[in-house]
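Enquirer: Provided below for reference: sequence and predicted model.
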Amino acid sequence: MRYHWFLMAAVLLPITGLADTEQWRAMPASRMLESDSGLPVVLTPARLRQAHAEVPASVTVIDREMIQASGARELYEVLRLVPGMNVAKTDGNVPAVAYHGTHARDIRRMLVLIDGRSVYLPGLARVLWNNIGLTPEDVERIEVTRGPNSAAYGANAFSGVINIITRDPRDEAGSRATWRQGNNGIQDARLHSVMHSERVAVRVTAARLSDDGFDGDNYREPADHKQLDFANLRAVFEQDAATHMELLAGVGKSRLDRPEERALSDLGETTRIPQEVSDQGYVHLRWQRLFSEDHQLKVQAYSRWQGTEIRHHLCAMDPVTESTEGPGGALFFSRELRDIFEDSDRDIDVAMGNAVAALGTPDSPLLQRYMSIMGSGADDFCLMLPLDIDERSYDLEVEDTLHVGNWLRVVTGVNLRRDEASSRAYTRGEHTNTARRIFSALEIRPARRLSLHLGGFWEKDDINGRFFSPRSAAVLQIAPGHGLRLVYSEAIRSPDIYEQSADFAFRPRQLAEPFASDPGALLGWEKPELYVTRESPGDLQAERIRSREIGYVGRVSALDFDVRVYEENLRNLQSGSLSPARFDITSDWVDTRGWELQASWRPHPRHFLWVSYGQRQNDTSNFIEDRLAPRKSGSALWAFNVSRDWYFSSAWYFARHYNRARARASDTTYERLMTQLGWRHRFGRYMAGIQLLNEHQLSGDGEVYPYNDYDDTNRWWLQATLGF
Amino acid sequence: MKGYHTLFCIMLLLAGPALSAPDALRVSLAMQEGGAALFEEILQAELSSIEFVKTPRQSDIVIALGDAAFRDALTYQRPFIGLMISREVALDIYEEGCACTAIFSDVDPVLQLRLLARLFPSHQRVGVLATSEDQWQVNYLSYWARDAGLSLESRVIKPGDRVARQLAGFMGSVDVLLALPNKTIYNPDTARSVLLASYRQNKPIVGPDERFVEAGSVASLYLSIDDLALSAVDILTIFGKSRRLPPPGYAEYFSVSVNNRVARAFGLGSVDPITLQQALGGQR
């Protein structure tokens, strides 16, 4: 409102009298000097954002201070701070991050988003943390919803959702170069640069991370060296006061040493450590318009791709002599052995028995093929067997958020998504899946301190048909900053393209002569394959989860805390192995109940403390679903700003009783103590920093499995940073 | 004898008005008409022994609103009170020597910091952007912050610096930003980028004034017309008794402006400005 004081007061005061004078008296005195400040009313979606105590879910927010204090070198490690989150490199250098983890390689039951873009891969249903192309320094904060949330995010937000929000380039300035070196082969480098103009801000980051992985135990030394290279860009364009657009893009490449594929280990001798090579990239556009403080529209579209190939180099073993000398191993790639396998109802043991019998039968096609191979004069049958998969996703989403008065908040949206998976080894070609989704969430406030939440996600896709995931919650605000919540939610994990359409075809490459030039004559088919093949029956059903929880979030002075008591029932779980050797379709169950606590406390401006703890009881029909389910887990973090230039932090992480179900000998405890000391100083427009970090292994156990262990109980690195 | 009697009567006649209202202070208001009418109304209600005159020459004391009127009041050769005077102007004129006093246009920054501490008791790291002219405020605040268990971190904005760029790295190391009244830093050109950064990084801003609160900061103290008028009443009361004026300073009375939409987004719930005003001692 603009007040023309001199006119209004002069005219109205004598007429209206003293009572209205009271109203004028409360007005700002500055209005008597200026009629208009010129300040814009800045539209932000602040009103549309829910305050922490009003959110109808258990949420853990990890901000930049915590990320920096955690000492995490790779982004996935930061998630150890979340109560109930199980983070482990169970499979060599491939991390598993799972909320209420079950399966040891449980990387398929969580949804991970980066700035709203899903990084869940549709082909093999997993999130590959090595390939998300972000360092901890790129991240503004991480919001973890603990509990199923398909109602807001669709299928595969099964046990929870990790929402990673990268740093807005408008909140950064200048360039920064970082070098990191340590034991265990740690060698990292990172460079980022931010450019600003009046309406545009752009950040570009390039990084390399590499380390040698675990050293193994007395029985096994995992081959798990890794090197990750990636670059990403985020550009923000402010079209006007209420509209902005963003472009996010990234490319990356990873090289991982991998363990031998168990299904191939009976074939012969590995001649080189298997290596997994991946290329990935994405392009992501976002548009957001604020029509008012009560109404916002967001549109986003992205395309994401990842191509992965695991290269196994081996020399096949002659099944008769059981030696890798000579070309006899080629028999495993012969048409005749495939025929025996098919005639044996695709049972490997039965097929091998029949093959032995055939080799002892004169004039059998298999014996003739063997004699032909042996008479070819070829050398040892060595080859490269690629396990490849290319996955692409295209996604378009429109989301509208609207406040009506103080009593209703509505979020609605539609989403269209197309997933493509193409693999010669796993699916014998390309498969696609198109999903159409509608989602909505209502927040109703029948009273000032009470809010009721109803949400649902309806989707239909080609592979899995129709699904509906509901959610309901009530939040009672006992006082500002204090909320009691009751939540019921359901979610599904829909079978991925591999699970529904698997059709194995392991075709060798880099064959030696004469096999390379004339496979038809020597092996019986022009495109030879390993004799083992298997197809998915194609009728896998979605896994289901149902969750009930009571939670309380509160604040007392400088202490913020959250407590959650929950019960989760998981049904129709695909726990068995799906491999060429066996396609073990199961319908297992897990019942999990327990409680979790998180608390942050700032007793002094220079000190920050964080504690998280979770305790759970996990009952299951299949011991495999108990491997990544520690009974107790938690973290404690202390960050201390010693002075303007010096800082120190220490973090303790533990998870007791991984992998206890089958053999006591494997009951492992993960316990680490991280300490970090750093110095940074500004010299005019430059900044320099040095950081020394040590990670000490407190428990003598490997991570989940005994062979996931280091020789040295200390892993350390030194980091130097220059800002300019 | 008769002559003395006549003279006495004449003197009585002349002194009549003075004798009939022995404490009446003659006040003239150097401000726009509408504002003058409002002030007259308020001051008349608070002080019985006050009389408003049209021109400064007829008055015992002048009340001037704003820097321009304050400077002009130097020419009236009367004692004068400035209301809503910028601190630099008030101190410059006072130090050159004048029969004057002033109530600053800004609120006491320590009170603003106390408002911040009351709204956000768990936010202990307070950030302040300042130019070199503000350094005295930063020093002044540091003492109080230390006693209150707060950590005050400042970043200096030099001429030519882009505020948004300076704010970028700075906001990450503080919990809440205290905005000091400085038009170089907080103005229509910078308001949007500052407030959007506050929202994005979830770091609330307190201050610098009620107009910024309307634009999107959480809360601020400000001076209402009533606060100014009551400050003038106190000064007039002192002047009426002792013919002395206190030195220029901050108003003892102040009001609180809250943007409840923004406050709710920062987890404050609904905040009552009157309750805050009472708790901070801004009411009479």
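Expert: Cool, the structure landed.

Enquirer: OK, contacts around the closest residue to A:Gly185 other than its chain neighbours?
Expert: For A:Gly185, the nearest residue in space outside its immediate sequence neighbours is A:Asp212; the separation is 3.3 Å by Cβ to Cβ, 6 or more residues apart in numbering or on different chains. Quick note: C-beta positions are derived from backbone N, CA and C, even for glycine. For A:Asp212, the contacting residues are A:Asn184, A:Gly185, A:Asp224, A:His225, taking Cβ atoms under 8 Å, 6 or more residues apart in numbering or on different chains as the criterion.

Enquirer: repeat for B:Val256
Expert: B:Val256 makes contact with B:Leu115, B:Ala219, B:Ser220, B:Leu221, B:Tyr222, B:Pro273, B:Ile274, B:Leu276, B:Gln277, B:Leu280, B:Gly282 under the criterion Cβ under 8 Å, 6+ apart.

Enquirer: quick one, phi psi at the residue nearest to A:Gly185?
Expert: Recorded main-chain torsions at A:Asp212 are phi -90, psi 0, according to degrees, to the nearest 10.

Enquirer: how far away is it from A:Arg346?
Expert: Spatial separation of A:Asp212 from A:Arg346 under the definition Cβ to Cβ, to the nearest Å is 40 Å.

Enquirer: How about A:Phe467?
Expert: Relative to A:Arg346, A:Phe467 is positioned 31 Å away (criterion: Cβ to Cβ).

Enquirer: same check, this time on A:Gln477
Expert: If you go by Cβ to Cβ, the gap between A:Gln477 and A:Arg346 works out to 60 Å.

Enquirer: Can you name the residue of the stretch 51-200 of chain B nearest chain A?
Expert: When scored by Cβ to the nearest Cβ, the stretch 51-200 of chain B has B:Ser151 as its residue closest to chain A, at 3.2 Å.

Enquirer: quick one: pLDDT of that residue?
Expert: In the predicted model, B:Ser151 carries a pLDDT score of 89.

Enquirer: Phi first, then psi, for the closest residue to it other than its chain neighbours.
Expert: With sequence-adjacent residues excluded and distances taken as Cβ to Cβ, 6+ apart, B:Ser151 is closest to A:Pro605, at 3.2 Å. According to degrees, to the nearest 10, the main-chain angles of A:Pro605 amount to phi -50, psi -30.

Enquirer: for A:Glu137, same thing?
Expert: Dihedral angles for A:Glu137 - degrees, to the nearest 10 - are phi -70, psi -20.

Enquirer: Now do the same for the nearest residue to it once chain neighbours are set aside: helix, strand or coil?
Expert: Residue nearest to A:Glu137 in three dimensions, not counting chain neighbours: A:Arg190, with 6.7 Å by Cβ to Cβ, 6+ apart. Classification of A:Arg190 into helix, strand or coil gives strand, according to DSSP: H, G, I helix; E, B strand; the rest coil.

Enquirer: Is A:Arg190 in contact with A:Val204, as I believe?
Expert: No: using Cβ atoms under 8 Å, A:Arg190 is not in contact with A:Val204, being 11.6 Å away.

Enquirer: neighbour count winner among these two?
Expert: For A:Arg190 versus A:Val204, the count of surrounding residues by other Cβ atoms under 10 Å in any protein chain shown is larger for A:Arg190: 20 against 17.

Enquirer: sorry, back to before: so for A:Gln477 and A:Arg346, which residue has more residues nearby?
Expert: Under the criterion of other Cβ under 10 Å, the comparison of A:Gln477 against A:Arg346 puts A:Gln477 first, with 21 against 15.

Enquirer: which residues touch the closest residue to the more buried one other than its chain neighbours?
Expert: Counting by Cβ to Cβ, 6+ apart, A:Arg449 is the residue found nearest to A:Gln477 once chain neighbours are left out, at 4.4 Å. Neighbouring residues of A:Arg449 by Cβ under 8 Å, 6+ apart: A:Leu476, A:Gln477, A:Ile478.

Enquirer: Return the closest of those with respect to chain B.
Expert: Closest to chain B, out of all of these and judged by Cβ to the nearest Cβ, is A:Gln477, at 7.3 Å.

Enquirer: heading toward the C-terminus, what's the first helix or strand past whatever helix or strand the closest one lives in?
Expert: Here A:Gln477 sits within strand A:465-479, counting by DSSP states H and E. Later in the chain than strand A:465-479, the nearest helix or strand by DSSP H and E is strand A:482-493.

Enquirer: Measure how that following strand sits relative to strand A:465-479, angle-wise.
Expert: Between the axes of strand A:482-493 and strand A:465-479, defined by axes from the mean of the first three to the mean of the last three Cα atoms, to 10 degrees, the angle is 170 degrees.

Enquirer: Pairing partners for strand A:482-493, with directions?
Expert: Paired neighbours of strand A:482-493 in the sheet (DSSP bridges): strand A:465-479 (antiparallel), strand A:543-556 (antiparallel).

Enquirer: Buried ones in the first one, by neighbour count?
Expert: So that's strand A:465-479. Applying a neighbour-count criterion of 16 or more other Cβ atoms under 10 Å in any protein chain shown, one finds A:Phe467, A:Ser469, A:Arg471, A:Ser472, A:Ala473, A:Val475, A:Gln477 buried in strand A:465-479.

Enquirer: how near is the second one to chain B?
Expert: The reference is to A:Ser469. 28 Å (Cβ to the nearest Cβ, to the nearest Å).

Enquirer: what do you get for the fifth one?
Expert: A:Ala473 is 18 Å from chain B, where distance means Cβ to the nearest Cβ.

Enquirer: Surely A:Leu573 touches A:Thr592?
Expert: No: taking contacts as Cβ under 8 Å, A:Leu573 lies outside contact range of A:Thr592: 11.9 Å.

Enquirer: Can you flag the weakest of the strands paired with strand A:482-493 by average pLDDT?
Expert: Ranked by mean pLDDT, those end with strand A:465-479 at the bottom, a mean of 88.

Enquirer: Helices of the stretch 1-150 of chain B, start to end?
Expert: Secondary structure of the stretch 1-150 of chain B (DSSP state H, counting those that start in this stretch): helices at B:2-20, B:33-46, B:67-72, B:87-96, B:109-119, B:135-147.

Enquirer: Kindly reformat those as JSON lines containing mean neighbour count.
Expert: JSON lines is the format used below for the helices of the stretch 1-150 of chain B (neighbours: other Cβ atoms under 10 Å in any protein chain shown):
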{"stretch": "helix B:2-20", "mean neighbour count": "9"}
{"stretch": "helix B:33-46", "mean neighbour count": "19"}
{"stretch": "helix B:67-72", "mean neighbour count": "18"}
{"stretch": "helix B:87-96", "mean neighbour count": "15"}
{"stretch": "helix B:109-119", "mean neighbour count": "21"}
{"stretch": "helix B:135-147", "mean neighbour count": "15"}
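
Enquirer: Take those helices and write them to CSV, including distance to A:Pro274 and mean pLDDT.
Expert: As requested, the helices of the stretch 1-150 of chain B are arranged in CSV below (distance: least, Cβ to Cβ, whole Å; pLDDT from 0 to 100):
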stretch, distance to A:Pro274, mean pLDDT
helix B:2-20, 109, 49
helix B:33-46, 84, 83
helix B:67-72, 78, 92
helix B:87-96, 73, 92
helix B:109-119, 59, 94
helix B:135-147, 60, 90
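
Enquirer: Out of these, the one nearest A:Met374 is which?
Expert: Comparison of the helices of the stretch 1-150 of chain B against A:Met374 by Cβ to Cβ identifies helix B:109-119 as nearest, at 86.4 Å.

Enquirer: Does that closest one reach chain A?
Expert: No: Helix B:109-119 stays out of contact with chain A when judged by Cβ under 8 Å from any Cβ of the partner chain, the minimum separation being 10.4 Å.

Enquirer: and stretch A:407-426, is it in reach of chain B?
Expert: No: contact between stretch A:407-426 and chain B, assessed by Cβ under 8 Å from any Cβ, is absent, since the two come no nearer than 11.9 Å.

Enquirer: which non-adjacent residue is nearest the spatially most central residue of chain B?
Expert: With distances taken as Cα atoms, centre = their mean, the residue of chain B nearest its centroid is B:Ser105 (3.7 Å). If you skip the residues right next to it in sequence, B:Ser105 has B:Met84 as its closest partner in space, 4.4 Å away by Cβ to Cβ, 6+ apart.
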